[in-house]
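>>> heads up, no residue letters with this:
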Ligand code: PMP
């Protein structure tokens, strides 16, 4: 069951007019919220980022935080599965094709849920491989825009190479992955690139840095050069669906000793513990 513009219905019955600006221009933003034991994880933070994205594309938020929370809860309750992945999207609505913003048009609001597919055990145990590519996206990667063509093309490079993620470098510095944030570890210190318009401020990225801070894992948030990336002892990937995952191969070469390292192990356990605590306390 999905939610579309005021109604709940089976996904097969949902229809979007072809002139929706989401379809024509990719003129919309989205969020993806993991749901554990039927409770949305870090909902407030996701809704805050949604507001940031809407502000970034100059689209008024069609719902208050309470309304969003209520709609999301209804979608969760109308779908099966304890753990779900709730996707919501807002577009600038349906209008005659013209780049300029239409006047007096209602936005399209869509929410769906899928089973939450976290990484299989063997990926956590042995790590995944990644490739690098030049970050050729626009200069507002902090907006979670539905226009994901550059990310789609960059991710496909990884798939074509038999890898799981594409790690992006802009002007010789690490930005993020095609659909994840990237951290390194060197000599026991966790390194994270600073938030800027060049990367999506990941909800999981924040959780990992909060956990590092709370549990005295040494960390630095600063620019990370390509040389540092290639000389890292460990590389980690984070996202709402992948959680925290070790990257053990980069461009066909092992990262460090080619095995998930101690910084990953620590953060992975802290993340799982934190998740369990948050969900026990109501999400
Ligand atoms: N960067 C990009 C480009 C992404 O698509 C994602 C996942 N949506 C992330 C980072 C990670 O963000 P989050 O932890 O909020 O899922």
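Sure, I can see it. The shown structure was predicted, so the numbers you read here are calculated from the model rather than taken from an experiment. Residues are numbered from 1 along each chain as shown.

>>> Any residues of this protein in contact with the ligand? List them.
Taking CB under 6 Å from any ligand atom as the criterion, the chain approaches the ligand at residues 32, 151, 176, 179-181, 200, 202-205, 238-240. (Each C-beta comes from the backbone N, C-alpha and C, glycine too.)

>>> what's the pLDDT at the residue lying closest to residue 105 once chain neighbours are set aside?
Nearest residue to residue 105, sequence neighbours excluded (CB to CB, 6 or more residues apart in numbering): residue 93, at 4.0 Å. Residue 93 is assigned 98 on the pLDDT scale.

>>> related to what we said a few turns ago, so which of the residues of the chain next to the ligand belong to helices?
151, 203-205 (DSSP state H).

>>> Buried only: go through those for me.
Buried subset of these (neighbour count, 16 or more other CB atoms under 10 Å): 151, 203-205.

>>> Make CSV from these and add pLDDT to it.
Listed next are those as CSV, based on pLDDT from 0 to 100:
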residue, pLDDT
151, 98
203, 98
204, 98
205, 98
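
>>> in the helix or strand encompassing residue 67, what counts as buried?
Under the criterion of DSSP states H and E, residue 67 resides in helix 65-77. Residues of helix 65-77 classed as buried: 68, 71-73, 75-76 (neighbour count, 16+ other CB under 10 Å).

>>> Next, the residue lying closest to residue 242 once chain neighbours are set aside: secondary structure please.
Closest residue in space to residue 242, ignoring its immediate chain neighbours: residue 119 at 5.6 Å, by CB to CB, 6+ apart. Here residue 119 is recorded as coil under DSSP: H, G, I helix; E, B strand; the rest coil.

>>> that older thread, compare the residues of the chain next to the ligand and tell me which is most surrounded.
residue 176 (28 neighbours; other CB atoms under 10 Å).

>>> ok, the closest residue to residue 239 other than its chain neighbours - contacts?
Closest residue to residue 239 apart from its sequence neighbours, by CB to CB, 6+ apart: residue 180 at 4.2 Å. Taking CB atoms under 8 Å, 6 or more residues apart in numbering, we find residue 180 in contact with 165, 202, 237-239, 242.

>>> Quick check, central residue of the protein?
residue 239 (4.8 Å; CA atoms, centre = their mean).

>>> one step back: pick the one among the residues of the chain next to the ligand closest to residue 39.
residue 240 (13.9 Å; CB to CB).

>>> I'd assumed residue 207 was in contact with that closest one.
No: contact between residue 240 and residue 207 fails when scored by CB atoms under 8 Å: they sit 9.7 Å apart.

>>> Dihedrals phi and psi, the residue nearest to residue 105?
phi 90, psi -170 (degrees, to the nearest 10).

>>> Tell me, how many residues neighbour it?
23.

>>> Check residue 268 too.
Neighbour tally, residue 268, other CB under 10 Å: 18.

>>> just how off-centre is the helix or strand harbouring residue 46 within its chain?
Assigned by DSSP H and E, residue 46 falls within helix 43-56. Centre-to-centre, helix 43-56 and its host chain are 13 Å apart (CA atoms, centre = their mean, to the nearest Å).

>>> what comes up buried for it?
Result for helix 43-56 [16+ other CB under 10 Å]: buried residues 43, 46-47, 49-50, 53-54.
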